[in-house]
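S.K.: Just the structure for this:
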Amino acid sequence: MVAPGIVVTSDPMYYIYADALQRKGFEVLAVPEDGEGIGLEALERKLRALGGAVERIAFFYAVTVNNPSCTILSNRRRRALLEVAARLSREQGRWIPIFYDLAYELLLHDPRAEPFVSVLPEDDLGIAYEIGTLSKVLAPGLRIGYLLGPDGPLMNAMVQKTSDAGFRRAALRSGNGQLSARPAHHGTTARGERGLSREGGGGKGWHRAQPGTIYRRMPRRQRRLLLLPDVAGCRDPPHLGLLPVSDAHHG
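M.R.: Numbering: from 1, shown residues only. Here you go, the predicted structure:
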């Protein structure tokens, strides 16, 4: 799905995920944080230092509430990181995706923190993805994550690999600026459970929706939501060949 190369992320970063990336053949480029997340000046210095190797960047990975530092990625910094990934994509004539790991966002209740705003509506190139988890906010044993992002080869590959792993593909629907999905687990649809809803832009928080359904308003560009099982819990499963995009859905 994504060829091994350089992964740009924060310093410090979650060491278990760093190890998983290295086992898959990726090289980790860790950029020191400042008070708003991955430092922009440090990022630009490290990109310049790469020289021609900058063309080996595979993707960017940013945790919005970092583990282990607990640094909160500001909305301004989220947009700036997307702009860097988009600039490199245009310069190199290829898509360089950026993944935002939202694992701990819904656990943050400090009123002093600004409301989180998604960058997906501002993603003109279709390179931004958001990774979330149900294990942190519902139950650690549930071990189900989700991926929000543009329709295209990467999302299609994730859907196919998820199906190959024996996890029934979630029902997907997008159009008229809204995307919805009914989660399915082990061949059954999760009906009757309390759903969640979040208004577009991410700034108004989650509220109750129809039972058994997850809704999130998206821009008119087609977006998709994919529910992910805990296949990454197996160490390097050779029969799956999955890129470990994130350990976010682990309990």
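S.K.: Can you list the buried residues in stretch 37-55?
M.R.: For stretch 37-55, the buried set under the neighbour-count rule, 16 or more other C-beta atoms under 10 Å, comprises 37-40, 42-43, 46-47, 54. (C-beta placed from N, C-alpha, C; glycine too.)
S.K.: a markdown table for those, including secondary structure?
M.R.: Formatted as a markdown table, those follow (DSSP: H, G, I helix; E, B strand; the rest coil):
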| residue | secondary structure |
| --- | --- |
| Gly37 | strand |
| Ile38 | strand |
| Gly39 | coil |
| Leu40 | helix |
| Ala42 | helix |
| Leu43 | helix |
| Lys46 | helix |
| Leu47 | helix |
| Val54 | helix |
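S.K.: Can I get these in a markdown table including pLDDT?
M.R.: Shown next, in a markdown table, are these (pLDDT from 0 to 100):
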| residue | pLDDT |
| --- | --- |
| Gly37 | 97 |
| Ile38 | 98 |
| Gly39 | 98 |
| Leu40 | 98 |
| Ala42 | 98 |
| Leu43 | 98 |
| Lys46 | 98 |
| Leu47 | 98 |
| Val54 | 98 |
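S.K.: Looking at these, which two lie furthest apart in space?
M.R.: Farthest pair in the buried residues of stretch 37-55 (C-beta to C-beta) is Gly37 and Val54. Separation: 20.8 Å.
S.K.: Tell me how many other residues surround Arg56.
M.R.: Neighbours of Arg56 under the rule other C-beta atoms under 10 Å: 14.
S.K.: which stretches of this structure aren't confidently modelled?
M.R.: In the predicted model, the chain carries pLDDT under 70 at residues 1, 165-251.
S.K.: got the contact list for the biggest helix by length in the chain?
M.R.: Determined from DSSP state H, the single longest helix within the chain is helix 75-92. Helix 75-92 has contacts (C-beta atoms under 8 Å, 6 or more residues apart in numbering) with 36-38, 40, 43, 47, 54-55, 57, 60, 62, 64, 95-98, 100, 114, 116-117, 119, 122-125, 127-128.
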